[in-house]
Structure formats: C-alpha cells, structure tokens
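S.K.: sharing a model prediction with you, sequence too.
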Amino acid sequence: MVNIAIIEESDADAEKLLGCLEAFAQECGEEFSYTRYRDANSFLEERGKIFDLIFTEVQLRGIDGMEAAVRLRKSNASVRLVFVTQTAAYAAKSYEVDALDYILKPYTYKRLTLRLRRALSALGAEEGVLLMIRDKAGPVQISSERVSYVEIHRHKLTYHTEQGEFSEIGSMKRVEEALSRYHFALCNACYLVNLKEVFRIKGYMLTMKNGDVLKISQPKRKDFLATLRRYHENVKHI
C-alpha cells in the first residue's frame, strides 16, 4: 500500500490527478490510498499520518507549496515529494527541498505515469527502515528486515524478531502505515506479517520461517493472499 497526500485547492485539478492515479493503480496492480488537503496549513497540522508520496501545488493561498515543503523537511527528510503547478518558475527551487519531481499542468496520463514509475522505483529501493521500540527493559533499535511479524493484544504491540521479542504500547494502524511499503501485510487484525518471512500457507493457517503458526482471518484472507502473490511476482528468485 502506497499512502499518498494531495495538496490542491482546485477540485477539478485534484479530481484529474486522482483519476490518473487510480487508472495507473489498476493498470499496474498497485494499491494506493489517498488523503486530499485543500491548503498546506491543514496538511502541516495533521498528526499521526504517514505518507510515502506527496503531490502539492506550489501556488497555494496562505502557506504556498514551497514553504510547506521547507517546513516538512525539518521533520521528515525522506518522504517523496512531487510539485505540480502551471509554471516552471519554481523548478530550480524544488531541488532545495529535495523534491523527487516537478510536473507542469495540465496533467496528461502519459506524463504522470512516467513520474509515478520513477517514484515507485525510488520507494521500492528502500528495503527496510530502522524501528525504535520503546520496550519496558529499555529502547531498542532494530531494522524492519529483522522483524518476522508484529502482534497486538490489548494495545500492546509485540515485535517478533531475530533477536527476540520486544514490546511497547501503541497502535497497529500506525505500525501498518509505517511498514506497508516494506512488504508487511495484515493476515488478521492481530498480526502484521513480514511477507518475506512466510514459509507456508495451508487453508487459514500461516507458518512463519521461525516456526510460529498464525491464523489468517476470513475477511483478510483474499487481500492478504493477493498482496503475498504480488510480492512473490516482484521478488527475484534464484
């Protein structure tokens, strides 16, 4: 799942961009989720949402898109940022905030898909992320690559890793949003699974490479198996 923010005043331009994104998702088998903001201030005030890709108009009333990007970079240096506007006047300045791309309106599907393929390629190059787990025995830093799965029970998250189990109080939704780009998926509401650590599936039972057996819920089974299939289609096999 790729989480996308769209910062755009114009309803017509937002709908055009959204239509192109949805067409691309269907064509390429990608999964996108969208959050649209009508101004930069409401985006900057948002708390708790994690985005993989941000499309922002440069010429916005109030805080413009370029200033919003400057403020964003103070707290988030890694999110992929694409500027959209009707003039090329700001193109050079976009490099100062490490923008991935700069798209001139009006949108065309062909022009936009070229940028999307580049953005998704950049996202796919990120194989893991460093997690900070606030375990009761002390904070632990560990790569998501070393996590087999994450379990939640009564608001307690347990990370099952190569180094052992570490726990903290938190939200599964927040963890899912942070790890979905790194090939993690829910097999039921309680388990967020690292797809590369899946060993076998039989019916509604999932065996991990570490030997743990997890249950796949009926509501999640179809989406989970589809996500696992896409992962195996994209991974390089020997």
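M.R.: Received the coordinates, thanks. Numbering: from 1, shown residues only.

S.K.: give me the nearest residue to residue 170, chain neighbours excluded.
M.R.: Of all residues beyond its chain neighbours, the one nearest residue 170 is residue 157 (4.6 Å), with distances taken as CB to CB, 6 or more residues apart in numbering. Yep, even glycine has a C-beta here, placed from its N, CA and C like the rest.

S.K.: hang on, I meant residue 129
M.R.: The nearest residue in space to residue 129 (CB to CB, 6+ apart) is residue 144, at 5.0 Å.

S.K.: the one you found contacts residue 131, doesn't it?
M.R.: Yes: here residue 144 lies in contact with residue 131, judged by CB atoms under 8 Å, at a distance of 5.8 Å.

S.K.: what's the neighbour count on the closest residue in space to residue 139 that isn't next to it in sequence?
M.R.: Beyond its immediate neighbours in the sequence, the residue positioned closest to residue 139 (CB to CB, 6+ apart) is residue 132, lying 6.1 Å away. By the criterion of other CB atoms under 10 Å, residue 132 has 10 neighbours.

S.K.: so residue 132 versus residue 92, what's the distance?
M.R.: Distance check for residue 132 against residue 92: by CB to CB, to the nearest Å, it reads 36 Å.

S.K.: residue 174 too?
M.R.: From residue 174 to residue 92 the distance is 36 Å (CB to CB).

S.K.: now do residue 153
M.R.: For residue 153, the distance to residue 92 equals 52 Å [CB to CB].

S.K.: just residue 223 next, same as before
M.R.: Shown here: residue 223 relative to residue 92, a distance of 43 Å by CB to CB.

S.K.: next helix or strand past the lowest-mean-pLDDT helix or strand in the chain?
M.R.: Lowest mean confidence among the helices and strands of the chain (mean pLDDT, DSSP states H and E): helix 109-124, at a mean of 76. Tracing the chain C-terminally past helix 109-124 and defining elements by DSSP states H and E, one meets strand 130-135 next.

S.K.: let me see the contact set for the residue nearest to residue 59 when sequence neighbours are not counted.
M.R.: In space, residue 59 comes closest to residue 85 once its chain neighbours are excluded; the distance is 5.7 Å by CB to CB, 6+ apart. Neighbour list for residue 85: 57, 58, 59, 65, 102, 103, 104, 105 [criterion: CB atoms under 8 Å, 6 or more residues apart in numbering].

S.K.: can you pull out the helices in the protein?
M.R.: For the chain, the helices defined by DSSP state H occupy 11-28, 40-44, 65-73, 91-94, 109-124, 172-179, 218-234.

S.K.: in CSV: these, plus mean neighbour count and distance to residue 207.
M.R.: Putting the helices of the chain into CSV (neighbours: other CB atoms under 10 Å; distance: least, CB to CB, whole Å) gives the following:
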stretch, mean neighbour count, distance to residue 207
helix 11-28, 15, 30
helix 40-44, 18, 42
helix 65-73, 19, 42
helix 91-94, 14, 47
helix 109-124, 15, 27
helix 172-179, 17, 21
helix 218-234, 14, 13
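
S.K.: make TSV out of those and add distance to residue 205.
M.R.: Listed next are those as TSV, based on distance: least, CB to CB, whole Å:
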stretch	distance to residue 205
helix 11-28	31
helix 40-44	42
helix 65-73	43
helix 91-94	50
helix 109-124	30
helix 172-179	21
helix 218-234	11
